[in-house]
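>>> A structural model of the following input is requested.
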Amino acid sequence: MRTLQLTRDTISNLLADLLKRSPNNYSEYEASVNAIIADVRERRDAAVFDYTERFDGEKLTAETVEVTQAEMDEAYAAVEPALLDVIRKAKENIRTYHEKQRQYSWFDSTIPGTMLGQKVTPIAKAGVYVPGGKAVYPSSVLMNIIPARVAGVEEIIMTTPCGRDGKVNPATLVAAREAGVDRVFKVGGAQAIAAMAFGTESIPKVDKIVGPGNIYVALAKKAVFGYVSIDSIAGPSEILVLADETANPRYVAADLLSQAEHDELASAILITTSETLAKQVSGEVDRFLAKLSRKAIIEKSLENYGYILIAPDLDTAIETVNEIASEHLEIVTANAFEVMTKVKNAGAIFIGEYSSEPLGDYFAGPNHVLPTNGTARFFSPLSVDDFIKKSSIISYSREALQGVYKDIAQFAQCEQLTAHANSVLVRFEDE
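Sure thing, here's the model as predicted:
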């Protein structure tokens, strides 16, 4: 891995480099995506079936687009019992964690004659997109469906591409059923996002779309935002490890590579105060590469977006961590919990040498749908909050309004909104 001294120029160049991976920089695909969305909006099922045949090689109909109970039973029969057991263990951890995020309606009547509050209501329908093809991500299925189910969403549908045999990966289907999905449709790509955003004869319109996907899916989500809500426009995966001389270089190298194997745009960065550790980690990376199955992808990822940065001190390292605002941050230092309190920007924080990033991807319970491309400065992980909406509650008696109506009228008149002022004044025009 390339090793650089951490300076102001280094970090400026690095941030500019990382931002090149943002879906916002792929405008050349937007015309194609927008055309697909417009076509699905107009021709509905017919367009969805045409694109599925073109891109996935499967000719779907209204009778075959939805996964049947028989297909679900077949999936359960095909999944190894050991994998099903792991899925169920992970499901329980994820459910328990997200149940702690539940919010409840509240009401307050401190001021006599008034009641103020907030009514919390789940959204009615959520749509979950799950990538298909060569990729199989049952963990992503759990992470997207379970928070919606905990929030109390009435109906959860899922779309995912089928293979040329018309089948969906069994592990994907089993995870969906275990998580609590209501309906599954064999559709992928921008056409699936459009179908969930606007509805077709077969696929219902939803209120919010969540889940990862390729650049076409990301741009489609961006295009339909406003017609429906979305979780975020996700970029490539990234990991940042903050380590000092106490870290185990073999563990650090393994964790960096765990994200680099996602794709050629994935980012893997080590920031350390130890030149010795930097050299050791670089050596361990080379040794692991010799035996890992996705070597070609990892090498390209590290060539593009892999860095070892040597910081002059821990404070400078932490400052850089906050500037990068990584999706995954591992802290492997002598005083890891103290360092954690100084971190302001990160999607998920892993503390200590035994808190490897895949623990969060699959099993611990916190959501692995995280902000990328520096958006951890203002975005949070997917949560129960993403599947609820809040309504303000206001109730005043005549007596309570009488004490403040002149103030309200004055404010309205200041803004030259006389109808607003009249709306309160008319209630006391006999005075």
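
>>> so which residues of the stretch 51-200 of the chain form strands?
Here the stretch 51-200 of the chain has its strands, by DSSP state E, counting those that start in this stretch, at 106-108, 114-122, 125-129, 155-159, 183-185.

>>> list the strands paired with the first one, with their directions.
If you go by DSSP bridges, strand 106-108 pairs up with strand 114-122 (antiparallel).

>>> out of the strands of the stretch 51-200 of the chain, the one nearest Gly347 is which?
strand 125-129 (19.2 Å; CB to CB). In this view, the C-beta of every residue, glycine as well, is placed from N, C-alpha and C.

>>> give me the buried positions along the closest one.
Buried residues in strand 125-129, counted by 16 or more other CB atoms under 10 Å: 125-129.

>>> how far off strand 155-159 does it point, in degrees?
Strand 125-129 and strand 155-159 meet at an angle of 20 degrees, taking axes from the mean of the first three to the mean of the last three CA atoms, to 10 degrees as the criterion.

>>> what about strand 125-129, distance to the chain center?
Counting by CA atoms, centre = their mean, to the nearest Å, strand 125-129 is centred 13 Å from the centre of its parent chain.

>>> please name every helix or strand in contact with it.
helix 138-151, strand 155-159, helix 189-198, strand 208-210 (3 or more CB pairs under 8 Å, 6 or more residues apart in numbering; DSSP states H and E).

>>> most tightly packed of those?
helix 189-198 (a mean of 28; mean count of other CB atoms under 10 Å).

>>> quick one: the closest residue to Arg294 other than its chain neighbours and Asp407, what's the gap?
For Arg294, ignoring the flanking residues on the chain, the nearest one in space by CB to CB, 6 or more residues apart in numbering is Glu261 at 4.3 Å. For Glu261, the distance to Asp407 (CB to CB, to the nearest Å) stands at 62 Å.

>>> cool, Gly127 as well?
Distance from Gly127 to Asp407, by CB to CB: 45 Å.

>>> returning to what we had before: got the contact list for the residue nearest to Arg294?
292, 294, 297-298, 301 (CB atoms under 8 Å, 6 or more residues apart in numbering).

>>> just the buried members of these?
292, 297-298, 301.

>>> let's have those residues in a markdown table, adding secondary structure.
Formatted as a markdown table, the buried ones among the contacts of Glu261 follow (DSSP: H, G, I helix; E, B strand; the rest coil):
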| residue | secondary structure |
| --- | --- |
| Leu292 | coil |
| Ile297 | helix |
| Ile298 | helix |
| Ser301 | helix |
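
>>> show me which helix or strand of this structure is least confident by mean pLDDT.
helix 8-19 (a mean of 86; mean pLDDT, DSSP states H and E).

>>> coming back round to it: Serialize the helices and strands packed on strand 125-129 to TSV and add fields for distance to Arg102 and mean pLDDT.
Shown next, in TSV, are the helices and strands packed on strand 125-129 (distance: least, CB to CB, whole Å; pLDDT from 0 to 100):
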stretch	distance to Arg102	mean pLDDT
helix 138-151	7	97
strand 155-159	17	98
helix 189-198	25	98
strand 208-210	17	98
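
>>> Phe49 is nearest to which of these?
That would be helix 189-198 among the helices and strands packed on strand 125-129, by CB to CB, at 9.1 Å.

>>> from the chain's centre, how far out does the closest one sit?
The answer for helix 189-198 is 18 Å, by CA atoms, centre = their mean.

>>> contacts for that helix, please.
Taking CB under 8 Å, 6+ apart as the rule, helix 189-198 contacts 32-33, 36-37, 40-41, 44, 47-48, 51-52, 55-56, 127, 129, 157, 159-161, 185, 187, 203-206, 209, 213-214, 216-217, 219-221, 224, 227-228.

>>> could you work out the most separated pair of the buried residues of strand 125-129?
The span of the buried residues of strand 125-129, defined through CB to CB, is set by Lys125 and Tyr129 at 13.9 Å.

>>> quick revisit: got the CA positions of the least confident helix or strand of the chain in PDB?
Written as PDB, here are the backbone C-alpha positions of helix 8-19 (Å, rounded to 0.1, in the frame of the first residue of the first chain):
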ATOM      1  CA  ARG A   8      -2.500  19.500   5.100                       C
ATOM      2  CA  ASP A   9      -1.800  18.900   1.300                       C
ATOM      3  CA  THR A  10      -2.000  15.200   1.800                       C
ATOM      4  CA  ILE A  11      -5.500  15.300   3.400                       C
ATOM      5  CA  SER A  12      -6.800  17.900   0.800                       C
ATOM      6  CA  ASN A  13      -5.700  15.700  -2.100                       C
ATOM      7  CA  LEU A  14      -7.100  12.600  -0.400                       C
ATOM      8  CA  LEU A  15     -10.500  14.100   0.200                       C
ATOM      9  CA  ALA A  16     -10.700  15.300  -3.400                       C
ATOM     10  CA  ASP A  17      -9.800  11.800  -4.500                       C
ATOM     11  CA  LEU A  18     -12.400  10.100  -2.400                       C
ATOM     12  CA  LEU A  19     -15.100  12.400  -3.500                       C
END
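
>>> in that helix, what counts as buried?
10-11, 14, 18.

>>> just say helix, strand or coil for the residue sitting nearest the centre point of the chain.
Centrality entry for the chain: nearest residue to the mean C-alpha point is Val369, 3.3 Å, by CA atoms, centre = their mean. Three-state call for Val369 (three-state DSSP): coil.

>>> begin at 25, not 1, for the rest of this chat.
Done: numbering now begins at 25, and the last item shifts to Val393.

>>> that older thread, put together a markdown table for the helices and strands packed on strand 149-153, with distance to Val448 on each row.
Below are these laid out as a markdown table (distance: least, CB to CB, whole Å):
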| stretch | distance to Val448 |
| --- | --- |
| helix 162-175 | 37 |
| strand 179-183 | 41 |
| helix 213-222 | 40 |
| strand 232-234 | 36 |
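
>>> quick check: which of the ones you listed is nearest to Ala277?
Nearest of the helices and strands packed on strand 149-153 (CB to CB): helix 162-175, 23.0 Å.

>>> between the closest one and strand 179-183, how many degrees?
160 degrees.

>>> tell me what helix 162-175 is packed against?
helix 105-123, strand 149-153, strand 179-183, helix 194-203.

>>> from Gly371, how far off is Thr296?
21 Å.

>>> compare those two (neighbour count), which wins?
Thr296 (28 against 23; other CB atoms under 10 Å).

>>> how about the more buried one, nearest residue that isn't a chain neighbour?
Ala267 (4.8 Å).

>>> any idea how far apart the tips of stretch 44-54 sit?
Terminal residues of stretch 44-54 lie 16 Å apart, using CA to CA, to the nearest Å.

>>> how far out from the middle of the chain is it?
Worked out by CA atoms, centre = their mean, stretch 44-54 lies 18 Å from the chain centre.
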